[in-house]
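Novice: Okay, predicted coordinates and the sequence, questions at the end:
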Amino acid sequence: MILLSRKVEYGLMALMHLAGAATVGRPVSAVHIARRHRIPGALLGKVMQALTRAGLVESVAGMHGGYQLRRKPAQVALGQVIAAVDGPIQLAGCQAHDACPQSRGCCVRAPLNRVRGEVIAPFSRITLADLRDEQHGKPSVKKRSRSGRRV
């Protein structure tokens with residue numbers, strides 16, 4: 001089972017909020033986002049720091065400061081958010097590091113790596129813009145080939 005952490009969910013909520021505020025062109029405080037979406041403030045602060053370190057948002061200092069997206073919503077993939085907050089998506093422990101006692105005779109590592117690639121592929125294709133559009137009931141205008149890739 002793949003389960004997104006609560007931190008990733010909060011990060012996505014914050015980014016979706018910023019994607020909506022991006023048209024206004026002003027930073028939004030973490031306190032405002034936390035109150036609006038009922039997110040624990042301290043946890044959201046840590047998530048926003050991770051998103052800032054990853055270059056997905058920027059922090060604006062000052063009385064009217066806060067956070068704003070560094071890229072357009074169509075340029076921020078769901079996989080980037082997950083990696084920024086929780087690290088890369090892994091299906092097995094050996095995918096996170098090479099120190100595995102079974103590595104010499106392992107018959108599942110290579111197949112699991114292939115499965116991991118198939119599982120995480122949609123996370124690199126789906127963007128904040130896709131999520132925002134779906135939230136507002138707009139169908140995605142991106143065309144997909146038979147293999148599921150964008151054209």
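Specialist: Cool, the structure landed.

Novice: Helix, strand, or coil at the residue lying closest to residue 46 once chain neighbours are set aside?
Specialist: Of all residues not flanking residue 46 in the chain, residue 7 sits nearest, at 7.5 Å (CB to CB, 6 or more residues apart in numbering). Every residue, glycine included, has its C-beta placed from N, CA and C. Three-state call for residue 7 (DSSP: H, G, I helix; E, B strand; the rest coil): helix.

Novice: name the element the residue nearest the centre of the chain belongs to?
Specialist: Nearest to the mean C-alpha position of the chain, counting by CA atoms, centre = their mean, stands residue 81 at 2.0 Å. Taking DSSP states H and E as the criterion, residue 81 maps to helix 78-86.

Novice: Correct me if wrong: residue 28 contacts residue 16.
Specialist: No - between residue 28 and residue 16 there is no contact under CB atoms under 8 Å: 11.5 Å.

Novice: neighbour-wise, which of these two wins?
Specialist: Legend: neighbour count by other CB atoms under 10 Å for residue 28 and residue 16, higher for residue 28 (22 against 17).

Novice: any chance you could map the strands in the chain?
Specialist: 57-60, 66-69 (DSSP state E).

Novice: Throw those strands into a markdown table and include mean neighbour count, thanks.
Specialist: A markdown table is the format used below for the strands of the chain (neighbours: other CB atoms under 10 Å):
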| stretch | mean neighbour count |
| --- | --- |
| strand 57-60 | 17 |
| strand 66-69 | 20 |
